[in-house]
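> 3D model of this:
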Amino acid sequence: MPDTDLLSLQIEHMGILQSRYEQVLEHHGYDGLLISSGAAHVRYGDDQSWHFQGYGPFLHWTGLAGFEHAWLVIRRGQKPLLSLYQPVDFWHASLELGQEPWLKEFELRFSESPSAPALDGMNQLAVIGDPSLLTGVPGEHNPDALCAAFDETRVHKTAYEIACLAHANKLAMAGHRAARDAFLAGASEFDINLAYQRATQQREVDAPYPSIIGVNEHAGILHYQYYDTAAPKKSRSLLIDAGVRYRGYCSDITRTTAGVGEGRFAALAQGLEQLQFRLCKMVAPGVDYVDIHRKTHLGIAALLSAAGLINDLSDRDMVADGVTRAFFPHGIGHFLGVQVHDVAGKPVPSPADAPFLRLMRTLEPGMVVTIEPGLYFTPSLLEPLLSGPLGRHINRPLLDELQGCGGIRIEDNVVVTDTGGRNLTREAEG
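Model prediction:
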């Protein structure tokens, strides 16, 4: 069982959520809310299901990521009702519900039916969840304005949520250390993944997202999704982007390691880490997150120039002419919570110079964001640059040498505090 401080924070968390949700329901004219946890869909043409992880609002309240066909009822002025599906089944095991203090804050029921519980006395009921599971359930399904308002309740994390995110970082960093050591010992991508799972004690399907483990040129594929079972003849670089889910909450961490003898690549990785430190220091109330993204491009430009990869172009010209976009094509980060790319990050569209940026807000205390600059040597991104008029500014022999290392990404999880930022990942790294 978690420590008593965390369990006490969870009780406070429940009270805060009850207040937030009641305010939203009253504002939008509803008596109550029914939340479906969701269920795994059966694969088309098969009798096997996809692996299940629960619906965000349900996790926000309960942290119960593996409970399918569960239902949560939020009622103004009453305890929430939690109905858990526990069929009599000799094919599959039912998840055990630990006896923790937060359960006393709920009216708890168990049901052998996956159907929603019968609810009386509600004239205006909203129901949210996977539409395919709501057929026949009375109430207004997934009203847009209400769902958007509930997304906003997840933007500012409670002390309990931040404690869970901090522990998820601690667990994940143990995995990252094990993965680094396996890589330096010459392991394959597959074996590096096993080392990560062994250290985190979490099956990959239960993690927040499939781990990205790219060795050598695979590190230049942003969401590389395969694991080679054979180790390369020479291990030049490792990029691992992997997290852990703890009580519903996600960590999302990336580290890059240079192989033995890769001095130029190691120097670039160290330079990017120094830039990443400065970007994390920018996290503070009142800061426009887009400004952090744009500052990243100037930092990437300075790094390209210092490394001798780009010559005879000023940093600002590199950004204005799109040179840095070829090396750093994605956004600087996103919200983090019970979803890796947590909700409510884009009340307005991304700007033209940052089309993939997932967070378009001014930072406020309680927000949790990722900061993840990258620098990649990806042929499909660089070829238009090389074949155009700006290609003459690129040091092609050096680029050819570095392309076999794929790329670099360094990612931390940072809480916006009242006065600045708290880096949960560096705390866990020690």
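> give me the sheet partners of the helix or strand encompassing Val415 and which way each runs.
With elements taken from DSSP states H and E, the one containing Val415 is strand 412-416. Each strand that strand 412-416 pairs with, and the sense of that pairing, follows from DSSP bridges: strand 368-371 (antiparallel), strand 421-423 (antiparallel).
> after the longest one, next one along is what?
Counting by DSSP H and E, the element after strand 368-371 in chain order, helix or strand, is strand 374-376.
> who are the packing partners of that following strand?
Judged by 3 or more C-beta pairs under 8 Å, 6 or more residues apart in numbering; DSSP states H and E, strand 374-376 is in contact with helix 263-282, helix 289-307, strand 407-409. Glycine gets a C-beta too; all of them are placed from N, C-alpha and C.
> same question for the shortest one, mean pLDDT?
Right, strand 407-409. Strand 407-409 shows a mean pLDDT of 98.
> which residues touch that strand?
Strand 407-409 is contacted by residues 219-220, 237, 239, 241, 254, 256, 265, 268-269, 272, 372-378 when judged by C-beta atoms under 8 Å, 6 or more residues apart in numbering.
> mind telling me what element the residue lying farthest from the centre of the chain is part of?
For the chain, the C-alpha farthest from the mean C-alpha position belongs to Gly121; by C-alpha atoms, centre = their mean, that distance is 38.9 Å. If you go by DSSP H and E, Gly121 is not part of any helix or strand.
> mean neighbour count and distance to Ser211 for the helices and strands packed on strand 374-376 - can I get that in CSV?
CSV is the format used below for the helices and strands packed on strand 374-376 (neighbours: other C-beta atoms under 10 Å; distance: least, C-beta to C-beta, whole Å):
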stretch, mean neighbour count, distance to Ser211
helix 263-282, 18, 19
helix 289-307, 20, 24
strand 407-409, 28, 13
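> can you tell which of these is closest to Gln202?
Taking C-beta to C-beta, strand 407-409 is the member of the helices and strands packed on strand 374-376 nearest to Gln202, at 21.5 Å.
> paired strands for that closest one, with orientation please.
Partners of strand 407-409 in the sheet, by DSSP bridges, are strand 374-376 (antiparallel).
> isn't Tyr378 right next to Gly220, touching?
In this structure residue 378 is Thr, not Tyr. Yes. The pair Thr378 / Gly220 is scored as a contact, 4.3 Å apart, by C-beta atoms under 8 Å.
> between those two, tell me which one has more neighbours.
Remark: of Thr378 and Gly220, Gly220 carries more neighbours, 26 against 18, as counted by other C-beta atoms under 10 Å.
> for the more buried one, which non-adjacent residue is spatially closest?
Using C-beta to C-beta, 6 or more residues apart in numbering and skipping residues adjacent in sequence, the residue nearest Gly220 is Gly406, 3.6 Å away.
> count the residues that sit near the one you found.
Other residues within reach of Gly406, judged by other C-beta under 10 Å, total 25.
> quick one, what contacts Phe183?
The contact partners of Phe183, taken as C-beta under 8 Å, 6+ apart, are Ile192, Val215, Ser235, Leu238, Thr257, Gly259.
> what about 6 Å?
With contacts taken as C-beta atoms under 6 Å, 6 or more residues apart in numbering, Phe183 has the following neighbours: Ile192, Leu238, Thr257.
> so which of these belong to strands?
Those of these mapping onto strands are Leu238, Thr257, per DSSP state E.
> pLDDT added to the contacts of Phe183, as CSV?
Conversion of these to CSV gives the following (pLDDT from 0 to 100):
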residue, pLDDT
Ile192, 98
Leu238, 98
Thr257, 98
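> filter the contacts of Phe183 to the buried ones?
Among the contacts of Phe183, the ones that count as buried by 16 or more other C-beta atoms under 10 Å are Ile192, Leu238, Thr257.
> give me the low-pLDDT residue ranges for this protein?
Where the chain drops to pLDDT under 70, the residues are 1.
> could you pull out the helices for the stretch 101-250 of the chain?
For the stretch 101-250 of the chain, the helices identified by DSSP state H, counting those that start in this stretch occupy 144-152, 159-184, 189-200, in order along the chain.
> for Ser132, find the nearest of the ones you listed.
helix 144-152 (16.3 Å).
> buried ones in the closest one?
When burial is assessed from 16+ other C-beta under 10 Å, helix 144-152 yields the following buried residues: Leu146, Ala149, Phe150, Asp151.
> what do you get for stretch 74-91?
Within stretch 74-91, the residues that qualify as buried are Ile74, Arg75, Pro80, Leu81, Leu82, Ser83, Leu84, Tyr85, Gln86, counting by 16+ other C-beta under 10 Å.
> same check on stretch 202-216?
Buried residues in stretch 202-216, defined by neighbour count with 16+ other C-beta under 10 Å: Gln202, Ala207, Pro208, Tyr209, Ser211, Ile212, Ile213, Gly214, Val215, Asn216.
> and that stretch, how far apart are its ends?
Counting by C-alpha to C-alpha, to the nearest Å, the length from the leading to the trailing residue of stretch 202-216 is 26 Å.
> over to stretch 390-410?
Its start and end residues considered, stretch 390-410 measures 27 Å (C-alpha to C-alpha).
> what residues sit buried inside that stretch?
In terms of neighbour count (16+ other C-beta under 10 Å), stretch 390-410 has its buried residues at Leu390, His393, Ile394, Leu402, Gln403, Gly404, Cys405, Gly406, Gly407, Ile408, Arg409, Ile410.
> okay, now the domains of the chain?
Residue ranges for each domain of the chain read 4-152, 159-429, as given by automatic domain parsing.
> highest average neighbour count across the ones you listed?
Using mean count of other C-beta atoms under 10 Å, the stretch among those with the greatest mean number of neighbours is domain 159-429 (a mean of 19).
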